[in-house]
Every structure is written in structure tokens, then in C-alpha cells.
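Undergrad: Turn this into a model:
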Amino acid sequence: MSVQQIDRSGWTIFFDTFTRTLVGKRAEIELASLDIGDQIEAEWAPLIGIAYDQKDDLIEVALEGSDHLIKAPKQVYVDYDVGGAIAVEIVDSDGTSQILKLKDPLALPAPGELPAAEPAA
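TA: Presented below is the predicted three-dimensional model:
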């Protein structure tokens, strides 16, 4: 695994490009700080996209059914493994880490591809 810090000047372009690679991914959002401890904000919802709004200085994480806004972000890190990005950590002005964990949905075989059931003996 390798972690890469994304320079603030490149956030808009990075998230626009990054979102295109996330089609079909699921995401969990975890908040972590000394004040609140660790809390799960969203559990494995389909990810629609991530965007940085420079004018309002916020990062929006769009999930199916909800949006998560991170106001006054200060740092962005992306954790990669051989298959691509597995997490994005965004640190806000309060020092809270907002960790977006990524995974592919469970791949099930197509209905016609299921093996026939064995008869009971």
C-alpha cells in the first residue's frame, strides 16, 4: 500500500478525474477525532462521486441516498493498493479525519450462470 497526499491546488481536477474511476464502488465514511472518537457516518452505500467546491471551500461526497459535506478541508490523502484506491482521508480544520473507505460490490453470477443444485442423496 502507498499513501499519497494530494496538493490543495489540484483538488478540483483530482476529484473530477478520481470520480470517473469510482463507478460502481461502495463507500463507508468514518469520522475520527479525539473529541468524538470513531463514528461511522455511512455504511457501504453506492458512491456517486466526490467534488471539491473551491468557492465554498468544501468537499462533497455524494452517496446514493445522502450527501456528506466536509467544510474547510485542510489535507487530502489517498491510500492505494495494487487494485487502485482503497481509501481517501480528508482532514478538516478541526483536525477531524473523515475516512472514505472504498470497495467493489459483491460480484454475483448472472442468473443463468448459477450451477444446478445437486439432488439430495
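Undergrad: Name the strands paired with the lengthiest strand in the chain and say parallel or antiparallel.
TA: If each strand of the chain is counted by residues according to DSSP state E, the longest one is strand 37-53. Strand pairing for strand 37-53, using DSSP bridges, gives strand 26-33 (antiparallel), strand 58-63 (antiparallel).
Undergrad: possible to save the ones you listed as JSON lines with distance to Asp79 and mean pLDDT?
TA: For the C-beta atoms, the positions are set from N, CA and C on the backbone; glycine is no exception. Putting the strands paired with strand 37-53 into JSON lines (distance: least, CB to CB, whole Å; pLDDT from 0 to 100) gives the following:
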{"stretch": "strand 26-33", "distance to Asp79": "13", "mean pLDDT": "96"}
{"stretch": "strand 58-63", "distance to Asp79": "16", "mean pLDDT": "97"}
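Undergrad: okay, those strands in TSV with distance to Phe15 next?
TA: Listed next are those as TSV, based on distance: least, CB to CB, whole Å:
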stretch	distance to Phe15
strand 26-33	14
strand 58-63	7
